[in-house]
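> Sharing a sequence plus its predicted fold:
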Amino acid sequence: DQHGTAIISLAAIINALKMVGKKIEDCRFVVNGAGAAGIACSRFYITAGAKRSNFIMCDSKGVIYKGRTDLNPEKQEFAAETDARTLADAMKGADIFLGFSAPNCVTAEMVKSMNKGAVIFAMANPVPEIFPDVALAAGAAVVGTGRSDFPNQINNVLGFPGIFRGALDVRARDINEAMKLAAANALAELAAEPIPADVKEQLTAAYPADAAAGMFEGESQLKATYVIPKPFDPRVVPRVAMRVAEAAMKTGVAQLKIEDLKEYEKSVAKRIKK
């Protein structure tokens, strides 16, 4: 579950940063919630190019800083050299906020204190750390939650079926970091592609309100309300499976070889339809 959240949220971050013209290695991250999800996601973002020195992590007692004596080894890994002590302190000048924590703990004032082009993924369920309308009104550029009734849902179902399909089809001995990164990149690239007419028809039926708002229109799909694909997009599982299988072969954990990856992607789509 923690790795699924890491993969999907990274895909959203990749595209959100394209929207605001920033690079992941330059971004300052604030991670609220230092449990399994917060730790796994932060580690994964670092694997993808973020700098550990650019992270401030908070738990229920505030900022995890060097010198705190109540930290377990996982929290010590993210203890920051900082004078910030509260979540509000931490968010000043931050580029990306990720919430794995508690409802309504982020205020409009905190969002206003962030860097221009702020990205917020408030994933507490069912009530997020801040509601999208509040965050957007306060100046956030891209906002996502864990809920299906708001844009940019960080939903693990976008990852697991395709990840396991690709891993099983090449008889992978492991699901490694390269395969996880491939899954995140597959979702990011898919969200940026034009939507074929037959897929648009399916998405319109599944998400009529989003379709009416123009979410699925345009040559370049990326927009503030659409930085990751929708769970019912039929292209998701085949694309993720293909990229995961490819990464498994490249990193030597695959026991079977797929010669034509594009044909494999098409074959997965056919198998799903059955």
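Here it is on my side, so go on. Residues are numbered from 1 along each chain as shown.
> Report the spatially nearest residue to Gly130, omitting neighbours in sequence.
No Gly there; residue 130 is Ile. Val106 (4.0 Å; CB to CB, 6 or more residues apart in numbering). All C-beta atoms are positioned from the backbone trio N, CA, C, and that covers glycine.
> thinking the one you found is in contact with Glu129, fair?
Yes - at 4.5 Å, Val106 counts as touching Glu129 under the criterion of CB atoms under 8 Å.
> Overlap in contacts, the two.
Applying CB atoms under 8 Å, 6 or more residues apart in numbering, one finds that Val106 and Glu129 are jointly contacted by Asn32, Phe97, Gly99, Ala122.
> which among those end up buried?
Neighbour-count burial (16 or more other CB atoms under 10 Å) is assigned, among the shared contacts of Val106 and Glu129, to Asn32, Phe97, Gly99, Ala122.
> ok, the last one to Ala135 distance?
Ala122 sits 7 Å away from Ala135, going by CB to CB, to the nearest Å.
> quick one: secondary structure of the nearest residue to Ala206 once chain neighbours are set aside?
Distances taken as CB to CB, 6+ apart put Phe232 closest to Ala206, at 4.2 Å, once the chain neighbours are dropped. Following DSSP: H, G, I helix; E, B strand; the rest coil, the label given to Phe232 is coil.
> burial count for Phe232?
Residues near Phe232, counting by other CB atoms under 10 Å, number 13.
> if we can go back for a sec, next, format the buried ones among the shared contacts of Val106 and Glu129 as TSV and append pLDDT, distance to Met215 and secondary structure.
As requested, those are exported to TSV (pLDDT from 0 to 100; distance: CB to CB, whole Å; DSSP: H, G, I helix; E, B strand; the rest coil):
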residue	pLDDT	distance to Met215	secondary structure
Asn32	98	28	strand
Phe97	98	23	strand
Gly99	97	23	strand
Ala122	98	20	strand
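> Columns distance to Asp1 on top of those, output as JSON lines?
JSON lines is the format used below for these (distance: CB to CB, whole Å):
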{"residue": "Asn32", "distance to Asp1": "18"}
{"residue": "Phe97", "distance to Asp1": "21"}
{"residue": "Gly99", "distance to Asp1": "16"}
{"residue": "Ala122", "distance to Asp1": "18"}
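> Closest to Val199 out of these?
The nearest member of these to Val199, counting by CB to CB, is Ala122 at 28.4 Å.
> Can you tell me how far that closest one is from Ser42?
On the measure of CB to CB, Ala122 and Ser42 end up 16 Å apart.
> Asn115 versus Lys18, what's the distance?
Relative to Asn115, and taking CB to CB, Lys18 is found at 16 Å.
> How about Asn72?
Taken as CB to CB, the span from Asn72 to Asn115 is 30 Å.
> for Asp89, same thing?
Between Asp89 and Asn115 the computed distance is 15 Å (CB to CB).
> Ile154 now?
Distance from Ile154 to Asn115, by CB to CB: 21 Å.
> Using the record's assignment, carve this protein into domains.
Following the assignment in automatic domain parsing, the chain carries domains at 2-145, 156-273.
> and the last one, how far out from the chain's middle?
Taking the mean C-alpha point of domain 156-273 and that of its whole chain, the gap between them comes to 14 Å (CA atoms, centre = their mean, to the nearest Å).
> Quick one: the strands in the stretch 101-250 of the chain, in order.
Along the stretch 101-250 of the chain, counting by DSSP state E, counting those that start in this stretch, strands occupy 119-122, 142-145.
> helices and strands around the first one, which ones?
This points to strand 119-122. Contacts defined by 3 or more CB pairs under 8 Å, 6 or more residues apart in numbering; DSSP states H and E place strand 119-122 against helix 2-20, strand 96-99, helix 132-137, strand 142-145.
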